[in-house]
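> Provide a 3D model corresponding to the input given below.
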Amino acid sequence: MFNSWFHIRSIARFLAKNLPGCAVGTCFTFQKDELQIGIDGNDLIKELQFCFHNPLPFLRLNENCSEPRHKVPLFKTLSGLIIARAFWHKNDRQILIEFKDGQGYLLFQLYGINGNVFFLSKDFELLETFAKIRKTPEFSINDFIDSDSIEIDLDQSRNILKTHPDLIISKLLTKLPIPVFSMTIAQEICFRSKITKKTLAVNLTEFQSETLLRVYQEILQEIEMCRFFIYPSESPVFSLLELRSKSGLAAQSFGSVQEATNHFISLYYQTNVLEQTRKQLSSRLTGALQLLQRKLIKQEQELANLPTADEYREWADTLLTNVHRIEKRSRGVPSEATEVLLPKLNNPDEMITIPLNPKLTAPENANKYYEMSRRIDQSRLDLASSIEQNKETIGQVSGYLQEIEICDDLKEIRRIKKNIPAHFIEQQAAAESEERKPYHSFLLKNQTIWIGKSAKDNDLLSFKHARPEDFWFHVEHGPGSHVVVRNPNKQDSLPNDIIEIAAGIAAFYSKAKHSTVVPVIYTKRKYVWKRKDMPPGQVFTKFTKSVIVKPLDPKAINPI
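Numbering: from 1, shown residues only. Below you'll find the predicted structure:
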């Protein structure tokens, strides 16, 4: 019933009792679709506050004046005018204030977000308006009253019941002789009459029809008692009568429409803020939880698919055991040989094929496989540890989410929010508007690293922005970003830790980002080229070196 005709009528009656003889003070706005009108000479009402925006449009009777730092004056000619009377529209949500000595009228149309305030001359000509309008509002002083009765004519009401047999009760009640109806009242009438809202009028018995009208009269009489009730819930309910349909809820009772209205607005916004905060936190925690769960699935699949280090160690041991045989056999053999066939150490009758890098000696190939086996063993340990940490984090986020969903106190939900790590619930701030660059930039140990954003951006990065002496990285197999380490001093090589970090970033910005170990090639940019007919991002390289690394998420590194 908040903002219903019954509610607006109650406010107007309160104003009619308290405003005559008061003067209009300063009128201003300090935020969109809100208007403050100061009242001088009244201890109960210091300010009329109008709000014409969602989620709750309202007219509030403030006991104190607002003092915002920045405000825009409005209705300057109203200041100092003395109020003579206050009226309300007999069948619409409008309030009219008349000023003494024929100095005009102030018309309030309280239509929710479509509401407005008009200053009219004594001849009802439009002088000023709060919100822009396309046409002057239609106005008749005869539609406004300062006293009325909301009793119904029983004979007229019975006739309405008979002439609308095809309407359901909730629609039928809007036809009865009360100007503006309320669904809260309709629900209460049906509850007290023990008739469902969807019952057709034609199906009402004579007893039910009389019961309906009798309950209707009782409810209108209760409204005239000027008692106000607020039922706290997820969406608070404002009522001008005690709702028997909500007997399970403990209502707060008020004897003043000012006190009830102001309390309801505060409660509504508190509840609304609670629900919005809960919704926002739940949404972001749910998103974080889903990401963690997807990551866990990939980690567990990766651990299951991770090769064992035993094969690489077996290759390394076999190569070292057969060094002399390999070197002897290699005499006269082209250096491009990429594999060797040797007997197994634990079963000499069985032969194994071992891939070789023809540019390396047998011991160097063996050391390479030992290194790979160590990396795999370490990756298995790291991955298992990461899985356990991820499971623990999932449990924590699930706990936060459960706390948020059952919490019904704004202070408590804010306390919970403070305990949640910021990266789970904070959105990344939008980057400041600037000329678009085809790469992400990071500073690592005083060296700048650039990462291509897309296939086309990779070409721009490598052939427009990178310099010939810069170092260029890319995942060895499959698509990925071009990664450039700037080399302004034209060094011949990079430190090993920078190579591993840059290679790890290249692995992360590739299709292999979820793998445990990824081979990455690198060379100087001057050894990277492409033909004009090649697809975006595709290049030729030479003089490359290879390194096997774990993908490195650069989010922990501060961008420059």
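> dump the residue contacts of the residue lying closest to Pro307 once chain neighbours are set aside.
Leaving aside its sequence neighbours, Pro307 sits nearest to Ile376 (CB to CB, 6 or more residues apart in numbering; 6.4 Å). Glycine gets a C-beta too; all of them are placed from N, C-alpha and C. By CB atoms under 8 Å, 6 or more residues apart in numbering, Ile376 lies in contact with 306-309, 312, 516-517.
> check Glu234 too.
Applying CB under 8 Å, 6+ apart, the residues near Glu234 are 271, 275.
> heads up, I number from 49, so please use that
Okay, using 49 as the starting number, the last item reads as Glu282.
> how near is it to Lys327?
Note on Glu282: its distance to Lys327, by CB to CB, to the nearest Å, is 11 Å.
> what does Gln318 give?
15 Å.
> returning to that earlier point: buried only: go through the contacts of Ile424 for me.
354, 357, 360, 564-565 (16 or more other CB atoms under 10 Å).
> might one say that Gln586 is in contact with Lys578?
Yes: when contacts are counted by CB atoms under 8 Å, Gln586 is listed as touching Lys578 (6.6 Å).
> confirm Ile131 sits in a helix?
No: judged by DSSP: H, G, I helix; E, B strand; the rest coil, Ile131 forms no part of a helix; its state is strand.
> please name the bridge partners of it.
Phe147 (DSSP bridges).
> neighbours around Lys148, how many?
A count of neighbours around Lys148, defined by other CB atoms under 10 Å, yields 13.
> cool, and the one 10 residues further on?
When neighbours are counted by other CB under 10 Å, Leu158 registers 25.
> spatially nearest residue to it, not counting backbone neighbours?
Excluding its sequence neighbours, the residue lying closest to Leu158 (CB to CB, 6+ apart) is Arg141, at 4.5 Å.
> which residues touch that neighbour?
Taking CB under 8 Å, 6+ apart as the test, what Arg141 contacts is 51-53, 56, 157-159, 228.
> who wins for most neighbours among those residues?
Leu158 (25 neighbours).
> which residues of the stretch 349-498 of the chain fall in strands?
Taking DSSP state E, counting those that start in this stretch as the criterion, the stretch 349-498 of the chain carries its strands at 387-391, 399-403, 487-492, 495-500.
> before we move on, what about the stretch 149-298 of the chain?
Remark: strands assigned in the stretch 149-298 of the chain by DSSP E, counting those that start in this stretch are 153-157, 164-168, 174-177, 192-193, 276-279, 285-287.
> any chance of the ones you listed in TSV, plus mean pLDDT and distance to Asp81?
Output for the strands of the stretch 149-298 of the chain, formatted as TSV (pLDDT from 0 to 100; distance: least, CB to CB, whole Å):
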stretch	mean pLDDT	distance to Asp81
strand 153-157	96	14
strand 164-168	95	10
strand 174-177	94	13
strand 192-193	94	25
strand 276-279	94	25
strand 285-287	93	21
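> turn the ones you listed into JSON lines, columns for distance to Leu129.
As requested, the strands of the stretch 149-298 of the chain are exported to JSON lines (distance: least, CB to CB, whole Å):
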{"stretch": "strand 153-157", "distance to Leu129": "9"}
{"stretch": "strand 164-168", "distance to Leu129": "10"}
{"stretch": "strand 174-177", "distance to Leu129": "12"}
{"stretch": "strand 192-193", "distance to Leu129": "18"}
{"stretch": "strand 276-279", "distance to Leu129": "30"}
{"stretch": "strand 285-287", "distance to Leu129": "32"}
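> buried ones in stretch 308-322?
Residues of stretch 308-322 classed as buried by neighbour count (16+ other CB under 10 Å): 308-313, 316, 319, 322.
> do the same with stretch 546-565
Neighbour counts over stretch 546-565 (16+ other CB under 10 Å) mark 546-558, 560-561, 563-565 as buried.
> pLDDT averaged over stretch 235-252 - what is it?
Mean pLDDT, computed over stretch 235-252, is 92.
> ends of it, what's the gap?
Start-to-end span of stretch 235-252 (CA to CA, to the nearest Å) is 17 Å.
> contacting residues around that stretch?
Under the criterion CB under 8 Å, 6+ apart, residues 209, 212-218, 220-221, 234, 256, 259-260, 263-264, 266-267, 289, 291-293 lie in contact with stretch 235-252.
> ok, 6 Å please
Residues outside stretch 235-252 that contact it (CB atoms under 6 Å, 6 or more residues apart in numbering): 209, 212-213, 215-218, 220, 256, 259-260, 263-264, 291, 293.
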